[in-house]
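In: below are the sequence and a predicted model for it; my questions follow.
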Amino acid sequence: MLPNWSLETPTIEKIAFDLNVDPFFMAAIRRAEAGREGREFGVLSEEANTYEAQARACAATIRHHLVTYMDNPLTQIQSLHCQRLCYSKAFIQQFANGWAPRGANNDPTGLNKNWLDNVCFAYFSYCAQGMVK
């Protein structure tokens, strides 16, 4: 199900702020996953069966990857609209290896092969525009 940004953005921003992660990255994951109710961010956990729990699990996983990532996870994005630091493609690739690995048992149709490109496209678009659309 595609996101309803007017309803979802406040929750994403609050949780991202609470856990000190980039809300644009959370929004890109949400867009790529486009999960049904209770699986909006693609979190496969019985405890994460609400939108807020899905978002919190997503943000906690991002934070964990940021803490354990051995290189600089940031890159600079410059556009007509803004200049800001965003997560690098290398960091997103490392995140994708754990979040949406290719050949995973829970991906019988092979959609994870598109996850990295879909998330990067959405994320870097959001970063360059300074907003989620």
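Out: Thanks, I have the structure now.
In: find the least confident helix or strand in this protein, judged by mean pLDDT.
Out: Least confident helix or strand, the chain: strand 74-78 with a mean of 87, by mean pLDDT, DSSP states H and E.
In: quick one: list the elements packing against that one.
Out: Packing partners of strand 74-78 (3 or more CB pairs under 8 Å, 6 or more residues apart in numbering; DSSP states H and E): strand 83-87, helix 115-129. Placement of C-beta: from N, CA and C, glycine included.
In: which one of those has the lowest average pLDDT?
Out: Mean pLDDT is lowest for strand 83-87 out of the helices and strands packed on strand 74-78, coming in at a mean of 90.
In: check which residues of that strand are buried.
Out: 86, 87 (16 or more other CB atoms under 10 Å).
In: tell me the contacts of the nearest residue to residue 84 once chain neighbours are set aside?
Out: Closest residue to residue 84 apart from its sequence neighbours, by CB to CB, 6 or more residues apart in numbering: residue 77 at 5.7 Å. The contact partners of residue 77, taken as CB atoms under 8 Å, 6 or more residues apart in numbering, are 83, 84, 85, 86, 124, 127, 128.
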